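> sequence? don't have it. structure:
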């Protein structure tokens, strides 16, 4: 079953900044980054419980080929995935907990 995917508005900012960084290096690299993130989000939508819970109820998926992690919650009753962040793996995951409290 495919779950509905909901991205918090801040996630669009995360993605825009990351894509811009890659775009400054190479236009094709930016497109590859976007494709890998989209592919991983699609996989999460089909198999939301594939990844273990890392931070209480949050799950974390790593983006193939790029040092980015997707942090999300599974809302089983609503059949929805809420994505709270797409962050570089060097960033503190506490950022996600702060976003949840807002």
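Okay, I see it. Remember, it's a predicted structure, so these values are computed and weren't measured experimentally.
> give me the below-cutoff pLDDT ranges for this protein.
102 (pLDDT under 70).
> residue 73 contacts residue 84, correct?
Yes: the criterion here is CB atoms under 8 Å, and residue 73 meets it with residue 84 at 6.9 Å. The way it works is simple: take the backbone N, C-alpha and C, and place the C-beta from them, glycine included.
> overlap in contacts, those two.
By CB atoms under 8 Å, 6 or more residues apart in numbering, residue 73 and residue 84 have these common neighbours: 58, 100.
> isn't residue 23 right up against residue 34?
No: using CB under 8 Å, residue 23 is not in contact with residue 34; the gap is 9.8 Å.
> can you give me the strands for the protein?
4-7, 53-55, 58-62, 68-75, 80-88 (DSSP state E).
> re earlier: who has more neighbours out of residue 73 and residue 84?
Neighbour count, other CB atoms under 10 Å: between residue 73 and residue 84, residue 84 has more, with 23 against 19.
> residue 22: what's it in contact with?
Counted by CB under 8 Å, 6+ apart, residue 22 has contacts 29-30, 32-33.
> which of those residues sits closest to residue 10?
Nearest to residue 10 out of the contacts of residue 22 is residue 33 (CB to CB; 18.1 Å).
> from residue 14, how far off is the closest one?
12 Å (CB to CB, to the nearest Å).
> the residue nearest to the spatial centre of the chain bridge partners, please.
Nearest to the geometric centre of the chain sits residue 70, at 2.6 Å (CA atoms, centre = their mean). Beta-bridge pairing of residue 70, defined through DSSP bridges, involves residue 61, residue 86.
> which ones are touching it?
The contact partners of residue 70, taken as CB under 8 Å, 6+ apart, are 37, 40-41, 44, 60-63, 83, 85-86.
> apply 7 Å and report the result again.
Contact analysis of residue 70 by CB atoms under 7 Å, 6 or more residues apart in numbering lists 40-41, 44, 61, 63, 83, 86.
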